[in-house]
Every structure is written in C-alpha cells, then in structure tokens.
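Enquirer: what follows is a predicted protein model with its sequence.
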Amino acid sequence: MRQYLDLCRRIVDHGVWIGNKRTGKRCLTVINADLSYDVANNQFPLITTRKSYWKAAIAEFLGYIRGYDNAADFRKLGTKTWDANANDNHVWLNSPHRKGNDDMGRVYGVQGRSWRKPDGSHLDQLRKVVDNLSNGIDDRGEIITFYNPGEIELGCLRPCMHTHTFSLLGDTLHLTSYQRSCDVPLGLNFNQIQVYIFLALMAQITGHKAGQAYHKIVNAHIYEDQLELMQTVQLLREPLPLPRLEINPQIKTLQDLETWVTMDDFKVVGYQSHPPIQYPFSV
Ligand SMILES: Nc1nc(=O)c2c([nH]1)NC[C@@H]1CN(c3ccc(C(=O)N[C@@H](CCC(=O)O)C(=O)O)cc3)CN21
Ligand SMILES: O=c1ccn([C@H]2C[C@H](O)[C@@H](COP(=O)(O)O)O2)c(=O)[nH]1
C-alpha cells in the first residue's frame, strides 16, 4: 500500500502541529488526501507494514449498515472499537442524551437507516440507494450521509467517514467516500477496508460489477504519542503485495446483511504482513 505510506510520509515531512481540544493532544496534520482502491481487480487495501485486524473493521461497518447505536452490539459482531467512545469520554458520560452503558447515541448507522424527518417519520437512506441501484437507477444523488448537523450533541462522536456517494456507469458501480477527520495510524487502517467493502457489498447485492472506490480525506493526522512508532518503525518497512478479499456469494440482499451475515462470511487470501504495532488510541 504505497499510497498509505506516502500519506504517512507526507504528514511526517510537511504536517503542521495542531492542538486538539477534545483529546487534549497535539496532532501533526495535513489537509486533503485522495486515496483510491481497485475493487474491480480485488486489490484489498490491507495495511501490510503492520498486522491489520481486518475483521474488526468489517464488523464495525456491518454494524453501521445495521443501524446499531450500542457498543455491546458491535462487540457481539466482533469489535470493541466503540467501547471507549461510548463509555470513556467525559463529555458524553455527562451528556443528558446518553441512555446508559454502551449507548453511542444517534451516530453513523442510526442516521443512515433512520434519519429523522421534520414530520416525525424516518428515512432509510441505505434502502433508497439499494432499491435504486438494484433497478439500474443512478439519480446522481445516490448518497448516504451519516452526518446530521442538527443532532451532533445526540451522539458520542461526530461521524468521521460521513458521506458515501454511489455512481453507476453502465453496469459498473463506483463509490466516492468523504472523511472529515482521520487518525492515520489507527483509523485509516480500518477506513480503507470499509470503503472497499462498502463498494464490494453494494455491487454484490444490487447485481453490478464493482469498479473503483475513491476515498477523500480532509484532515489527516498523526497524534503526538503515535509519531515515534510511525517514524522509527512503520515508515522503515517495505510494503508487501496486497491480498484478496472473498465474500460469501450467498449474500444477495440488504436483508442478508441485516440478519445472518457474520465475520465468517469474509475471507482474506494471501495476506502477508510485518509484525503488529500497537499505536496509542485517543478518546
Ligand atoms: N482517536 C480515534 N481514532 C479512531 O480511529 C477512531 C476513534 N478515535 N473513535 C471512533 C472509531 C473507533 N475506531 C478504532 C478504535 C480502535 C482501534 C484500534 O484499537 N485498533 C487496533 C487494535 C484492533 C483490534 O485488536 O481489533 C489496531 O492495531 O488496529 C481502531 C479503530 C476508529 N475510530
Ligand atoms: O472511522 C473513523 C472514526 C474516527 N476516526 C478518528 C479521527 C479522529 O482522530 C477521531 C475523531 O475525533 P474528532 O475530534 O471528532 O475529529 O477519530 C477515524 O480516523 N476514523
């Protein structure tokens, strides 16, 4: 994954130190990064310069597709990545909107599957896009957005990868995903996998060929306590060839994703990586 390492190198060489109030840490930061993933040729963008825990990334995304709002449900699918934001951040812990242990509030999938309309009804953004694409329709607005500015304080964290636009060119489906804030050592490792798999799954359940996934990031940063490991370990390693992702071909509908799919329906073939690196996580 040369493009990942190039972004890390760019942050190290040209980043600007910016203080972050929410975490109390400084971040070495660049603005504007464009990544792309070749889903058509099954070039699964797993980081190879350290071990990637790809199942947790897929579990996280499946939870968004299902509209989960609770870290316990994410744990059942196979990831603990929401435990800290749901249970350890003092602003959220003191929020009158938090419904108790593990509650994440109205984030990500809640907005994607049940966006509240002014008349009190709910809009299932994902269902609309799946239905249109299944019927060969791209109305140039096949957009799923998790970012609801009117409900920011109702969730534990503002969605980072917030908007996904699908485009149909003939029988090939493409995806453009937008991210406002990116923890490059930890989060991007997951987000690359998620952009890739969102296109692969949507192509599969809507009956199209998968094309290219374009990942557009605004604020890309490395936290101050991650920098040394990035500079003295990960950036010195040579990337290895990309693996392939196999998805159970029995997954045919959105309902399949909502009901019986587990991490056993995904296999990575030919993954070689350098040893793990444990980066610090900021809540
Ligand atoms: N500071 C921060 N960075 C993030 O990337 C992030 C957040 N907060 N909050 C919301 C979600 C949660 N995400 C996370 C949370 C934890 C890991 C993590 O600890 N990854 C480790 C171990 C993974 C495992 O064992 O399953 C890693 O080495 O990748 C990754 C992404 C991504 N998001
Ligand atoms: O999918 C995700 C979710 C979160 N992140 C990172 C990006 C930031 O480091 C934090 C969020 O902090 P904000 O203050 O809300 O920007 O989480 C990510 O990289 N990917």
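Expert: Good, I have the coordinates. Note that the coordinates shown come from a computational prediction; the quantities given were computed from them, not determined experimentally. Ligands and ions are numbered 1, 2, ... in the order given.

Enquirer: can you give me the strands in this structure?
Expert: For the chain, applying DSSP state E gives strands covering 16-20, 25-38, 115-116, 122-123, 143-145, 161-169, 172-183, 209-223, 244-247, 266-269.

Enquirer: which bits of the stretch 1-150 of the chain sit near ligand 1?
Expert: 53, 56, 81, 85 (C-beta under 6 Å from any ligand atom). From N, CA and C alone the C-beta is placed, and that goes for glycine too.

Enquirer: next, count neighbours for the last one.
Expert: What it means is residue 85. Using other C-beta atoms under 10 Å, residue 85 is surrounded by 18 other residues.

Enquirer: quick one on the thing from earlier: quick one: closest of the strands of the chain to residue 236.
Expert: Of all these, strand 209-223 sits nearest to residue 236, with 15.4 Å by C-beta to C-beta.

Enquirer: about what we covered before: and the strands of the chain as a markdown table, adding mean pLDDT and mean neighbour count?
Expert: Below are the strands of the chain laid out as a markdown table (pLDDT from 0 to 100; neighbours: other C-beta atoms under 10 Å):
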| stretch | mean pLDDT | mean neighbour count |
| --- | --- | --- |
| strand 16-20 | 98 | 12 |
| strand 25-38 | 98 | 18 |
| strand 115-116 | 98 | 17 |
| strand 122-123 | 97 | 13 |
| strand 143-145 | 98 | 19 |
| strand 161-169 | 98 | 19 |
| strand 172-183 | 98 | 21 |
| strand 209-223 | 98 | 21 |
| strand 244-247 | 98 | 16 |
| strand 266-269 | 98 | 15 |
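
Enquirer: now those as JSON lines including distance to ligand 2?
Expert: Formatted as JSON lines, those follow (distance: least, C-beta to the nearest ligand atom, whole Å):
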{"stretch": "strand 16-20", "distance to ligand 2": "6"}
{"stretch": "strand 25-38", "distance to ligand 2": "7"}
{"stretch": "strand 115-116", "distance to ligand 2": "19"}
{"stretch": "strand 122-123", "distance to ligand 2": "23"}
{"stretch": "strand 143-145", "distance to ligand 2": "14"}
{"stretch": "strand 161-169", "distance to ligand 2": "5"}
{"stretch": "strand 172-183", "distance to ligand 2": "3"}
{"stretch": "strand 209-223", "distance to ligand 2": "6"}
{"stretch": "strand 244-247", "distance to ligand 2": "19"}
{"stretch": "strand 266-269", "distance to ligand 2": "18"}
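
Enquirer: check the burial of the residue in the chain that ligand 1 sits nearest to by counting its neighbours.
Expert: Of all residues in the chain, residue 187 sits closest to ligand 1, at 2.6 Å by C-beta to the nearest ligand atom. By the criterion of other C-beta under 10 Å, residue 187 has 21 neighbours.

Enquirer: okay, now the nearest residue to it once chain neighbours are set aside: neighbour count?
Expert: With C-beta to C-beta, 6 or more residues apart in numbering as the criterion, residue 187 has its nearest non-adjacent residue at 6.6 Å, and that residue is residue 160. If you count neighbours by other C-beta under 10 Å, residue 160 ends up with 20.

Enquirer: pretty sure residue 160 contacts residue 178?
Expert: No: assessed by C-beta atoms under 8 Å, residue 160 is found out of contact with residue 178, at 9.9 Å.
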